[in-house]
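Peer 1: Could you work out the structure for the sequence below:
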Amino acid sequence: EVQLVESGGAMVQPGGSLRLSCAASGFSFNRYDMSWVRQAPGKGPEWVSAINNDGHSTYYADSVKGRFTISRDNAKNTLYLQMNSLTPEDTAQYYCSTGWGPFGSWGQGTQVTVSS
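Peer 2: Presented below is the predicted three-dimensional model:
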């Protein structure tokens, strides 16, 4: 059974940084591309970033390009999202997802709130 557990969400001030983690289990993590998806209150899901199984290819939505960095540690079965220069528009529940895109299995999410 696929299990994805996100952590690292918090409330931060605009301009701040956070690092999200996603601990994966129940599947061969190193064989899967992985993604981060976020959903703000009252809005649909937004595919934020993706990384291929060996970490050599990445995708970023225009809204986060240059500010967010996705990475993975296949030895630890963990996916990361480093988020810098956060703005209130980044406020959302963040989910990790299996696959390249927002269509795979999701975790329970971690809340990121950017507010002064």
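Peer 1: C-alpha coordinates for stretch 94-111, CSV please?
Peer 2: Extracted in CSV, the C-alpha atoms of stretch 94-111 (Å, rounded to 0.1, in the frame of the first residue of the first chain):
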residue,chain,number,x,y,z
TYR,A,94,0.8,20.9,0.0
TYR,A,95,0.6,17.3,-1.0
CYS,A,96,3.2,14.9,-2.4
SER,A,97,2.0,12.7,-5.2
THR,A,98,3.3,9.7,-7.1
GLY,A,99,4.1,10.2,-10.7
TRP,A,100,4.8,13.0,-13.1
GLY,A,101,1.7,15.2,-12.6
PRO,A,102,-1.1,15.5,-10.0
PHE,A,103,-2.9,12.2,-10.9
GLY,A,104,-1.2,9.6,-8.6
SER,A,105,-1.6,8.8,-5.0
TRP,A,106,-1.5,11.7,-2.6
GLY,A,107,-0.5,12.0,1.0
GLN,A,108,-2.6,13.7,3.7
GLY,A,109,-0.9,17.1,3.1
THR,A,110,0.9,19.7,5.2
GLN,A,111,-0.4,23.3,5.6
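Peer 1: residues of that stretch that come out buried?
Peer 2: Residues of stretch 94-111 classed as buried: 94-98, 100, 102, 104-107, 109-110 (neighbour count, 16 or more other Cβ atoms under 10 Å). (C-beta placed from N, C-alpha, C; glycine too.)
Peer 1: chain center to that stretch, what's the gap?
Peer 2: Stretch 94-111 has its C-alpha centroid displaced from the chain centroid by 7 Å (Cα atoms, centre = their mean, to the nearest Å).
Peer 1: Kindly indicate which of the buried residues of stretch 94-111 lies nearest residue 81.
Peer 2: Closest approach between the buried residues of stretch 94-111 and residue 81, by Cβ to Cβ: residue 94, at 7.1 Å.
Peer 1: Identify the residues contacting residue 95.
Peer 2: Counting by Cβ atoms under 8 Å, 6 or more residues apart in numbering, residue 95 makes contact with 4, 6, 36-39, 45, 106-109.
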